[in-house]
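Participant: this one's structure only:
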RNA sequence: CGGGGCGUAGCUUAGCCUGGUAGAGCGCCUGGUUUGGGACCAGGAGGUCGCAGGUUCGAAUCCUGCCGCCCCGACCA
């Protein structure tokens, strides 16, 4: 039992000016966190208790799924990352920890970095320590602070520079076993979120800079989420928009036959899809080939889309580490024209050998014969045929899927909604084990790279996602197992000895039944206490007041319910215990 | 890093355009009256007006630079 007056719960009547979304406001108003700087937060006692709840459940689920807990340093030698496969991409978000003292010894390159994640630490460890198939599989995890210099921290704990994450790394002898490890973790994640009392759905996701073969994100549906989820209720298909595909292009679509010889025509001043759609050219956007130039790891490449399609995010399907749009200065020497007149027609590209490839979205096959830039300023080509004329290295999914397009599984229209990414699992393959030489010897004395998976849960982000998903106009509504305390005893007259005696009695009964109890013993008016009770949102509230004592009752009220129940003092202990036991066991 | 907005007491803010004693509400302290959904009265403490320079007799207010924060975009758990 904890007395409010001997604890520290600084609640606020007004929302801080820098909080935009409900969960962020409530985090601060309910006294869970305070901001130190952009993306940096102190967890106040109440917030810290929730963190411990989430952490404990996470640990239990990881252990149950065969995870082995360890602890890795947060300060990493930069050299370790330099040897890894993604130094170039990762250093953008890594804090440097160069040297101590006045910084005069600091070099141009960091000596140390703060760990944003730990593949670069765990893989060399496993390489050194595990060499036999007899010691596999293994799945190591830790629950620890991560550091990422997010370009734009946002929404409180939602995207912070310093945050708490559970990160796990699995090592298997072969692909089949790695898939088993992957799905064991997926099940553990589902159990974790279910126990916390929030809805998190697994969606197919892009592997991004992490690399690897496939991946799922766990999304908490919320309007304020950073991600778009594309889903189909009928088939259960769900994917991050970056990864989503649709059945827009029928599997049996025949290649279009050429419509005639390519003709060049003058389009002075026309540098946009829209301008080409307008008179006098009148070429609909979906009859145009759009040619985009990007630079992947220093080498330019082309992406060809329909004129009315958009490139989706980065090009996770391609195996570049760092991708950025090409500048006009880079484009002209390679293609022969400025942006606006570009195309991928064979023979028109000035320096095709400079290109790392020409990647085309499947949907351009729907165009069949269309119009594209001539790689000659002020000119376009018509009757360009996909198969005959375009110099395509390979096809892929590069376009952004739009809601309403047919589901790849059911063919029904896809829907879209926003979500908060609270967890991510990747089947990595051998990207890191190859790089660091993490190999084992099998029973035939053969050496093989270990097949890895990696897994993350944003613990601190989950805290906020719970609030975002579970609150009302008055405050937070904690699910039982995430709550900092489960029971709040509101003593309206703490100066009455008989009131405090009853608090002790009921408090013990509640604790015996498995609840943690907070007692509001402040000398405040009832209104203040009730407002704060709703704000901090503990699941069960017991109200003890002078009036009730005279009547011989206490009040029991669930945060989720509107009305309080009056229960006779004689039955109070037993009834409270019964209610709590129900809640502990999951209603 | 591009675009937009904002920095005044612990919190929410007025004042800035049009330069002239820095104001309110909440919170805090003291006393009193109250006490079942953010009470009232009286008194009180608390402010380098983000920082630095400039213009001016005089700057929270005008100008310049810097810093910080928030929002939108590209990235992430």
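Facilitator: Yep, it's here. Fair warning: this is a prediction, and the values are worked out from it, not measured in the lab.

Participant: Residue A:300 sits in which helix or strand?
Facilitator: Assigned by DSSP states H and E, residue A:300 belongs to strand A:299-306.

Participant: Residue A:557 too?
Facilitator: With DSSP H and E as the test, residue A:557 turns up in strand A:553-558.

Participant: now residue A:324
Facilitator: With DSSP H and E as the criterion, the answer for residue A:324 is strand A:323-325.

Participant: where does the stretch 51-200 of chain A come near RNA strand B, residue by residue?
Facilitator: Taking Cβ under 7 Å from any atom of the strand as the contact definition, the stretch 51-200 of chain A meets RNA strand B at A:93, A:117, A:148, A:150-155, A:157-160, A:163, A:165. Bear in mind the C-beta positions are built from the backbone N, C-alpha and C, glycine included.

Participant: Sort out for me which of these are in strands.
Facilitator: Mapping these onto strands (DSSP state E) picks out A:163, A:165.

Participant: Looking at the residues of the stretch 51-200 of chain A next to RNA strand B, which one is closest to residue A:373?
Facilitator: Closest approach to residue A:373 among these (Cβ to Cβ): residue A:151, at 32.9 Å.

Participant: quick one: contacts for that closest one?
Facilitator: residue A:93 (Cβ atoms under 8 Å, 6 or more residues apart in numbering).

Participant: which residues in the stretch 51-200 of chain A form helices?
Facilitator: A:78-82, A:87-90, A:119-129, A:175-196 (DSSP state H, counting those that start in this stretch).

Participant: got it, and the stretch 351-500 of chain A?
Facilitator: Here the stretch 351-500 of chain A has its helices, by DSSP H, counting those that start in this stretch, at A:364-367, A:386-389, A:431-436, A:459-469, A:497-512.

Participant: ranges for the strands of the stretch 151-300 of chain A?
Facilitator: Using DSSP state E, counting those that start in this stretch, the strands found in the stretch 151-300 of chain A span residues A:162-172, A:201-204, A:214-221, A:227-231, A:238-240, A:263-266, A:289-296, A:299-306.

Participant: of all those, which lies closest to residue A:324?
Facilitator: Proximity to residue A:324, assessed across the strands of the stretch 151-300 of chain A by Cβ to Cβ, is greatest for strand A:289-296 (5.5 Å).

Participant: how about the spatially most central residue of chain A, what does it touch?
Facilitator: Among the residues of chain A, residue A:421 comes closest to the average C-alpha position under Cα atoms, centre = their mean, at 2.8 Å. Residues in contact with residue A:421 (Cβ under 8 Å, 6+ apart) are A:217-219, A:225-227, A:458, A:461.

Participant: What is the neighbour count of residue A:487?
Facilitator: Here the count is done by other Cβ atoms under 10 Å, and residue A:487 has 27 residues near it.

Participant: follow-up on the earlier one: from the residues of the stretch 51-200 of chain A next to RNA strand B, which single one is nearest residue A:566?
Facilitator: Once Cβ to Cβ is applied, the member of these that ends up nearest residue A:566 is residue A:157, at 38.7 Å.

Participant: Which among the residues of the stretch 51-200 of chain A next to RNA strand B count as buried?
Facilitator: Neighbour-count burial (16 or more other Cβ atoms under 10 Å) applied to those gives A:93, A:117, A:148, A:150, A:153-155, A:157-160, A:163, A:165.

Participant: And the closest residue to residue A:248 other than its chain neighbours, its phi and psi?
Facilitator: Distances taken as Cβ to Cβ, 6 or more residues apart in numbering place residue A:405 nearest to residue A:248, at 5.0 Å, with adjacent residues excluded. Here is the backbone geometry of residue A:405 (degrees, to the nearest 10): phi -70, psi 160.

Participant: and the gap between residue A:405 and residue A:8?
Facilitator: Distance of residue A:405 to residue A:8, computed by Cβ to Cβ, to the nearest Å: 52 Å.

Participant: what about these two, which has more around it?
Facilitator: Neighbours were tallied for residue A:405 and for residue A:8 using other Cβ under 10 Å; the higher tally belongs to residue A:405 (17 against 10).

Participant: hmm, back to that, would JSON lines of the helices of the stretch 51-200 of chain A with mean neighbour count be doable?
Facilitator: Rendered in JSON lines, the data for the helices of the stretch 51-200 of chain A read as follows (neighbours: other Cβ atoms under 10 Å):
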{"stretch": "helix A:78-82", "mean neighbour count": "17"}
{"stretch": "helix A:87-90", "mean neighbour count": "17"}
{"stretch": "helix A:119-129", "mean neighbour count": "20"}
{"stretch": "helix A:175-196", "mean neighbour count": "19"}
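
Participant: Which among those helices is found nearest to residue A:267?
Facilitator: Residue A:267 sits nearest to helix A:87-90 of all the helices of the stretch 51-200 of chain A, at 38.1 Å, using Cβ to Cβ.

Participant: how close does the residue nearest to residue A:358 when sequence neighbours are not counted sit to RNA strand B?
Facilitator: If you skip the residues right next to it in sequence, residue A:358 has residue A:302 as its closest partner in space, 4.4 Å away by Cβ to Cβ, 6+ apart. Taking Cβ to the nearest atom of the strand, to the nearest Å as the criterion, residue A:302 is separated from RNA strand B by 18 Å.

Participant: For RNA strand B, what's its nearest residue on the stretch 351-500 of chain A.
Facilitator: The stretch 351-500 of chain A approaches RNA strand B most closely through residue A:458 (2.7 Å), counting by Cβ to the nearest atom of the strand.

Participant: In the sheet, which residues pair with that residue? Tell me.
Facilitator: With DSSP bridges as the criterion, the beta-bridge partners of residue A:458 are residue A:165.

Participant: Between helix A:497-512 and the strand holding residue A:557, find me the angle.
Facilitator: 40 degrees (axes from the mean of the first three to the mean of the last three Cα atoms, to 10 degrees).
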